[in-house]
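**Student:** What would the 3D arrangement of this be:
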Amino acid sequence: MAPVFPTTLAITGTVFSRVTGTAMGIVITCAWAGPAVSSPLIGAIAGGDPLRLRKALLLIPAFAAVMVFLNLRILLALR
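**Tutor:** Residues are numbered from 1 along each chain as shown. Purely as a prediction, here's the structure:
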């Protein structure tokens, strides 16, 4: 997330010209909530087994795909 975060904030600031502070707050909160939720979830799925860790780490690309889908869905809804 770190390399993408400044770009995300810039896009948010550009798109939301009237309620920039609120939009930035939501983006920053979501950025902190991601690692706070994903790390324990991955640990709970993996347990102590290295093979299960491999499967648990697939949550990251799975949720990335979900985010892409949601972004496209929102983009189409706004058109």
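
**Student:** Please tell me how far the residue positioned nearest the centre of the chain sits from Thr8.
**Tutor:** The chain has Gly34 as the residue nearest its centroid, 5.8 Å off, counting by C-alpha atoms, centre = their mean. For Gly34, the distance to Thr8 equals 12 Å [C-beta to C-beta, to the nearest Å]. Any C-beta I mention is one placed from the backbone N, CA and C, and that applies to glycine too.

**Student:** now Ser17
**Tutor:** Ser17 is 16 Å from Thr8, where distance means C-beta to C-beta.

**Student:** and if you look at Phe63?
**Tutor:** Distance, Phe63 to Thr8, using C-beta to C-beta: 15 Å.

**Student:** what's the single longest helix in this protein?
**Tutor:** Counting by DSSP state H, the longest helix found in the chain is helix 20-46.

**Student:** Please name every helix or strand in contact with that one.
**Tutor:** Here helix 20-46 touches helix 5-15, helix 50-56, helix 59-78, going by 3 or more C-beta pairs under 8 Å, 6 or more residues apart in numbering; DSSP states H and E.

**Student:** okay, the ones you listed in CSV with mean neighbour count next?
**Tutor:** Listed next are the helices and strands packed on helix 20-46 as CSV, based on neighbours: other C-beta atoms under 10 Å:
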stretch, mean neighbour count
helix 5-15, 12
helix 50-56, 12
helix 59-78, 10
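
**Student:** hmm, back to that, can you tell me the average pLDDT over the longest helix of the chain?
**Tutor:** Averaged across helix 20-46, pLDDT comes to 89.

**Student:** tell me which residues in it are buried?
**Tutor:** 23, 27, 31, 42, 46 (16 or more other C-beta atoms under 10 Å).
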